[in-house]
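> What shape does this take:
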Amino acid sequence: MATMISAATKVIPATGAAVHGKVAKIVCKRNMDVIRLCAYENEPSSIRTKNHPSPAKQSASNRHPGQPHMRTPVDAAIQHELAEARFVSDDLADHIFGHLVPTDLARDILKKFVANGTVEVCEGKPSAGASATVLDEKCDAVQSALDAAFEAAKVHGCIRSHSDAGLAKTPSAQADTEKKAGKASKVHRHFWRWKDFPKVPLGEDALVDFLNKTTDSALNIAKLQFGDAKSKRRNRFAAPEDKHHAVPLAYEADVEDMRPDFLVLPIEAFSSDMKTVDQKYVNFTALRAVGESKNKEFRSGLEQVHRYARGIRRAQPWVHFVLAMTVTKDRMSLVRGDSSGTERLELVLSNGRGCVEFIRILLGLALAEGIDLGQSPDVELRSEARSCIISKLSPPPKTTQTHNYRNSQAPVSSSGPPSVRASLSVEQSSEAAVSSSGQASHTSGASVPSHSKSSAGVSSSSKRKYSEVDNGADAAEDQSNLSKKVKKVDQIAFIPMKVYGYKCWGYYLKDGSRLLALKTSWLDLERVDTQEGVLQRLEKTKPHPNLIVPLKNFKAATKNDGCTTLGTIRAFLGDQLPGFLVENRVLSVSLSELKRPVKYFWGVHDFVRGLRGAILGHEYLTQIGILHRDISENNIVLARRPGEERGYLIDFDMAILQEPEDATAITKPKVLQVLREPDDRARSSSPITPDESKPIKALRTGTTPYMSFNVLYGGNHTYFDDMESFLYVMLLFFFSYAGPLSKEELRAADDRGFVQLLGSGRLSHMRSWPKKYRQWADEKLSDIAAQKDAALTNAARLDALMRSPEIRNCLKDNWDTGLCKGIETLLFSSWALFLESRSTGWQIAPRTQVKHGQFIGVLDAWLEKFSVDEEKSSNCPFK
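Purely as a prediction, here's the structure:
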C-alpha cells in the first residue's frame with residue numbers, strides 16, 4: 001500500500017459554534033475508531049495481499065459483449081472484485097456532508113422537529129408501536145435524549161480537534177467496543193419515532209413525499225441560521241413515474257430491474273413549484289444518487305442500490321464516486337463507492353444518533369454541489385435530447401445461494417444494526433466520450449442492453465448469415481420477443497462538452513486534423529512510477545506503426561493535489577493508509593489518436609490483419625524491453641480507413657520494464673494444418689508452482705478470459721504468456737460476433753467516433769459466449785487454468801476442441817457458410833502451433849512457447865490461402 005500521501009483535508013464549519021454561519025478553517029480527519037472492514041463468510045479469503053492488493057479481474061465492471069450481462073453472473077463478479085474492500089464507516093455522512101450540515105446544525109434541526117411534533121421521543125422500545133407514550137418535548141428525559149444523540153453523533157463523526165479525538169473514549173464508544181466483542185450494550189429507556197414516516201408497505205411515492213417534506217422543513221430551519229445564499233437547494237428526491245419499465249439510458253441488460261425506487265435529481269428537472277418532475281430527466285445520465293425502499297429486506301435493498309449505483313458509474317464514467325441509499329421502515333444506509341471499493345453507513349431511525357445523521361444526509365443531498373456527489377470539476381456537461389428504447393421489467397431471478405454474513409465480526413455502532421452484504425462495482429465504463437477504463441472509443445467491453453437483436457438492417461450487399469439464436473445456455477436470457485415489451489421514450493441526456501480543458505466535438509476530441517480519444521483510468525498509486533517509466537521509454541525510442549502511444553498523459557489534480565481514492569475522496573492521511581490492503585488509486589488521464597474498436601471489424605480478414613498488427617506492435621515492445629501484460633480484445637484496435645496499418649496495440653497501464661528480447665524471424669508454415677485423426681499419445685502436464693522469486697505489484701495481470709494458464713496458475717509472466725493471450729483473443733472473437741455490422745451501421749459508428757450510445761441497445765451482431773467459455777470469465781482462476789492447460793495438452797484434445805458443439809454450432813449459426821471452412825482452418829492451425837510449442841518428446845512443457853514470428857507466419861499463410869474471400873466478405877464502408 002502507498003504510505004506517503006499529502007494530507008487530505010476539508011475546510012468545514014466549526015462544530016459547536018454559537019452561530020452556524022461563522023466558519024473556521026480546521027482540519028477534518030477520518031475517525032479510524034469507527035471504521036472497520038465488512039466481511040462475510042462466502043467471500044474469498046486472503047484475496048488481497050501486499051503484492052496482490054486487487055483480485056484478478058472478473059470483469060464485473062467492464063464486461064465483454066460476449067459475457068452474460070444478467071444479474072446473477074454480474075453480481076457474482078462484483079462480489080469477487082469487492083472482496084475485502086467493503087468498509088462500514090460510521091463517520092461517512094459527516095465526512096461527505098459535514099461541511100454543509102455540521103453536527104450541531106443537525107442537532108438544532110432535530111430539536112425543532114421534536115418541538116413541532118415531526119419527531120417524537122417515546123418511552124420503552126420501538127416494538128411498543130403506536131401504543132408507546134410520547135414524552136413531552138420540554139421534559140428532562142427529552143433534553144437528555146437530545147444531548148445523548150448529539151454526543152453519539154460527535155463520537156462517531158470525523159475528528160476536527162484534539163477534544164473530538166478524546167470522544168472515542170466516552171461511555172458511548174465503550175458500549176460500541178463491548179458490542180463488537182459480543183457483549184450486549186445497555187438498553188435505551190426511550191426511542192425516537194418519525195411521526196409522518198410512511199406506513200408499511202412502503203409506497204415509493206409516499207416515501208419520496210416524506211423525504212422531500214422532511215428536507216424542506218430542515219432547509220427552512222437552516223435558512224434562519226445560514227441565510228438564503230448558503231441554503232440554495234441544488235437537488236431533490238423524485239420517484240420514477242413509470243412503475244413498469246427500467247429507468248432509461250443504463251448500460252445494464254434491459255430485461256434487468258434497473259428501476260430504482262427513488263432518485264436524486266438536479267433541481268432543473270423540477271417545476272418551479274417543486275411539485276412535478278420532468279420525466280425526460282429521469283435517466284441514468286442525470287441521476288446524482290439512487291435509493292431503494294424495502295419493508296423489511298434491508299439486505300436485498302442494499303444489493304439493488306449497489307447495482308443501480310454501478311449503473312450511474314457506467315453511464316457517467318467521469319464521476320469520482322457514487323452515492324446510494326436504502327430505506328426500510330426503521331433503518332437506512334448510505335453507500336459510497338469508488339475505484340477502491342465501498343464505504344457504508346448504517347443507521348437505526350429509532351435511535352437518536354440515527355435521527356441526527358438522517359437529517360444530515362437529507363439536507364446534505366439537497367444542498368450538495370456536483371463535486372460533493374462525485375462529479376468531476378474538470379468535466380463540463382451539456383444536455384442533449386435523445387430517444388431510446390426501454391423494456392418492461394422482468395421478475396428478479398430466484399436466489400440459489402444463501403449468504404452467511406459475519407455479523408459478529410463486522411458489527412455496527414450501538415446506534416446501528418448488524419452489517420450486511422454490500423456490493424458496488426465501481427471500476428469503469430468503456431462506452432463514452434470520456435472513458436474510465438481503456439481508450440474511450442477503443443474499448444469494446446461495455447455492457448449494453450440487448451433491447452433488440454436486429455435493431456438495424458443488414459446491408460443488401462452482405463452475403464453473411466446473421467443468426468437470431470445465440471450459442472449457449474443463456475440464449476433465453478436475450479428474450480427475442482422483447483419487441484412486445486418495449487416502448488420508445490424521449491430523454492434529456494447529459495454528455496461531456498469539455499473535458500480537462502479539451503472541447504468535445506460530438507463524441508470525440510479534436511486536435512487540428514486529428515481525432516483523439518481521451519482515456520481516464522484509476523491506477524494503483526504504486527504503479528505510477530512504473531507506468532511513467534514505460535511511457536518514457538516509448539517516447540525515447542523510434543515510434544512503431546503498430547502501437548498507439550498516448551500523445552499526452554497526466555495525473556488529474558484537485559487543488560494541486562493528485563486525485564486519489566483513499567486520499568482525495570476518502571480523506572485518509574498518510575499515517576492511516578497502511579491499515580488498508582485495498583489499492584490507493586490515482587486518476588490518470590491520457591490522449592491518443594482515435595482508432596476503430598475490434599467490434600466494428602469489416603470482415604474476418606480485417607480482424608486477422610488487425611491481430612497481426614497488434615502482434616507486431618507487441619514484438620517491438622519486447623525488443624525495447626517492455627512487457628504489456630494485458631492482452632485482450634479491448635486493447636487491440638483497427639485502422640479507421642483502408643490503406644492504413646490495419647492493427648494496433650494500446651493501453652500500457654499494466655506494462656512493466658524488462659530486459660529487451662531479440663527479434664524473431666517470421667516463419668510461415670509450408671502447409672496450414674487442418675482437422676486430422678486423433679493422436680492418442682499420452683502426455684502429462686502439471687500445474688506450475690507460483691513464481692514469487694521476484695515479487696512485483698499484481699503478479700497475476702490481465703483480463704481473466706484472455707490470461708494464459710501459466711499466469712492463472714501463478715507462474716511468472718513472460719511474453720510467451722502474452723502470445724497465448726492473443727490466441728484466446730482469436731478464439732473468443734468468433735464466439736462474440738455473428739459477422740460484421742452492415743456498411744450503414746459501420747459508417748454511422750465511424751461518424752460518431754465509435755461511441756455506443758446509451759439506450760441504443762446491444763449492437764445487432766453481438767452474441768453471447770457458450771457456457772463453457774463464459775466460465776473463463778467468472779470461475780476460479782485455478783479451474784480456468786486447468787481447462788486451458790488441458791486443451792493445449794495433445795492433438796486428441798485439439799481435435800475434440802474443433803469438433804465440439806460450441807465451435808461447430810458457432811460457425812454454423814453465426815458465420816457465412818463460405819467462411820466456415822476458413823475460420824475452422826485458422827483456429828485449428830493456430831491452436832496446433834501453441835500445442836506443439838509445448839512438445840518436448842514425451843513430456844509437455846509447463847507453458848506454451850510461441851514466438852512472434854511463428855504466430856505471424858500462420859496468420860500470413862492463412863491470409864494468402866484465403867485471399868480470394870477477402871473482398872467479397874468485407875463490409876468496409878469506405879471502398
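> What is the neighbour count of E661?
When neighbours are defined as other C-beta atoms under 10 Å, E661 has 18 of them. Every C-beta, even on glycine, is put in place using the N, C-alpha and C of the backbone.
> Which helix or which strand is home to it?
Here E661, judged by DSSP states H and E, is contained in no helix and no strand.
> need the contact list for it.
Each residue near E661 by C-beta atoms under 8 Å, 6 or more residues apart in numbering is listed here: T622, Q623, G625, Y719.
> Same check on S387?
Contact partners of S387, counting by C-beta under 8 Å, 6+ apart, are K488, V489, D490, Q491, G759.
> host element of it?
Using DSSP H and E, the element containing S387 is strand 379-391.
> I'd like the distance from that strand to the chain centre, please.
Distance, stretch centre to chain centre, for strand 379-391: 20 Å (C-alpha atoms, centre = their mean, to the nearest Å).
> C-terminal to the helix or strand of the chain with the lowest mean pLDDT, what's the next element?
Taking mean pLDDT, DSSP states H and E as the measure, the helices and strands of the chain show their lowest mean at strand 434-435, namely a mean of 39. Using DSSP H and E, the helix or strand that follows strand 434-435 towards the C-terminus is strand 486-499.
> what does the average pLDDT come to for that next one?
Per-residue pLDDT over strand 486-499 has a mean of 85.
> where exactly do the helices run in the stretch 601-750 of the chain?
Under the criterion DSSP state H, counting those that start in this stretch, helices of the stretch 601-750 of the chain are mapped to 604-623, 709-713, 719-736, 743-751.
> Of those, which is nearest T541?
Distances from T541 to each of the helices of the stretch 601-750 of the chain were compared using C-beta to C-beta; the minimum, 8.5 Å, belongs to helix 604-623.
> Report the inter-axis angle for the strand holding S387 versus strand 486-499.
Strand 379-391 runs at 170 degrees relative to strand 486-499, counting by axes from the mean of the first three to the mean of the last three C-alpha atoms, to 10 degrees.
> could I get strand 379-391 in PDB with only the CA atoms?
The C-alpha trace of strand 379-391 is given here as PDB (Å, rounded to 0.1, in the frame of the first residue of the first chain):
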ATOM      1  CA  VAL A 379     -15.700  17.800 -16.900                       C
ATOM      2  CA  GLU A 380     -18.300  20.300 -18.200                       C
ATOM      3  CA  LEU A 381     -21.600  18.700 -19.300                       C
ATOM      4  CA  ARG A 382     -24.300  19.700 -21.800                       C
ATOM      5  CA  SER A 383     -27.800  18.400 -22.200                       C
ATOM      6  CA  GLU A 384     -28.900  16.700 -25.400                       C
ATOM      7  CA  ALA A 385     -32.400  15.500 -26.400                       C
ATOM      8  CA  ARG A 386     -32.300  11.800 -27.200                       C
ATOM      9  CA  SER A 387     -34.800   9.000 -27.900                       C
ATOM     10  CA  CYS A 388     -34.200   5.500 -26.600                       C
ATOM     11  CA  ILE A 389     -36.000   2.100 -26.200                       C
ATOM     12  CA  ILE A 390     -36.800   0.700 -22.700                       C
ATOM     13  CA  SER A 391     -38.200  -2.700 -21.800                       C
END
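> That one - which strands sit beside it in the sheet, and in what orientation?
strand 486-499 (antiparallel) (DSSP bridges).
> what about D799, neighbour count?
17.
> Check the spacing between L509 and T215 real quick.
39 Å (C-beta to C-beta, to the nearest Å).
> In terms of neighbours, single out the busier of the two.
The neighbour count for L509 versus T215, taken as other C-beta under 10 Å, is higher for L509 (25 against 22).
> so the more buried one makes contact with Y500?
No. Proximity of L509 to Y500 does not meet the contact threshold set by C-beta atoms under 8 Å, at 9.6 Å.
> Common neighbours of the two, please.
Common contacts of L509 and Y500 (C-beta under 8 Å, 6+ apart): L518.
> E583 against V528, yeah?
No. The pair formed by E583 and V528 falls short of the contact definition of C-beta under 8 Å, at 11.5 Å.
> Specify which residue of these two has the higher count of neighbours.
Neighbour count, other C-beta under 10 Å: between E583 and V528, E583 has more, with 26 against 16.
> Please, which helix or strand holds that one?
Secondary-structure element containing E583, defined by DSSP H and E: none, the residue being outside all helices and strands.
> From R307, how far out is it?
Taking C-beta to C-beta as the measure, E583 and R307 are separated by 23 Å.
> now the stretch 251-400 of the chain, which segments are flagged as low pLDDT?
For the stretch 251-400 of the chain, the stretches flagged by pLDDT under 70 are 251-257, 393-400.
> Now do the strands in it.
Residue ranges of the strands in the stretch 251-400 of the chain, as given by DSSP state E, counting those that start in this stretch, are 262-266, 289-293, 322-327, 331-338, 341-348, 379-391.
> would TSV of those with distance to V247 be doable?
As requested, the strands of the stretch 251-400 of the chain are exported to TSV (distance: least, C-beta to C-beta, whole Å):
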stretch	distance to V247
strand 262-266	8
strand 289-293	9
strand 322-327	14
strand 331-338	18
strand 341-348	21
strand 379-391	8
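> Which among these is found nearest to I656?
Among the strands of the stretch 251-400 of the chain, strand 341-348 sits nearest to I656 (C-beta to C-beta), with 24.8 Å.
> Can I get the closest one in PDB? Just the C-alpha atoms.
The C-alpha atoms that make up strand 341-348 are tabulated as PDB, following Å, rounded to 0.1, in the frame of the first residue of the first chain:
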ATOM      1  CA  GLY A 341     -14.200  -0.300  -3.000                       C
ATOM      2  CA  THR A 342     -17.100   0.800  -0.900                       C
ATOM      3  CA  GLU A 343     -17.800   2.600   2.400                       C
ATOM      4  CA  ARG A 344     -21.200   2.200   4.100                       C
ATOM      5  CA  LEU A 345     -23.000   3.900   7.000                       C
ATOM      6  CA  GLU A 346     -25.900   2.100   8.600                       C
ATOM      7  CA  LEU A 347     -28.400   3.700  10.900                       C
ATOM      8  CA  VAL A 348     -31.400   2.900  13.000                       C
END
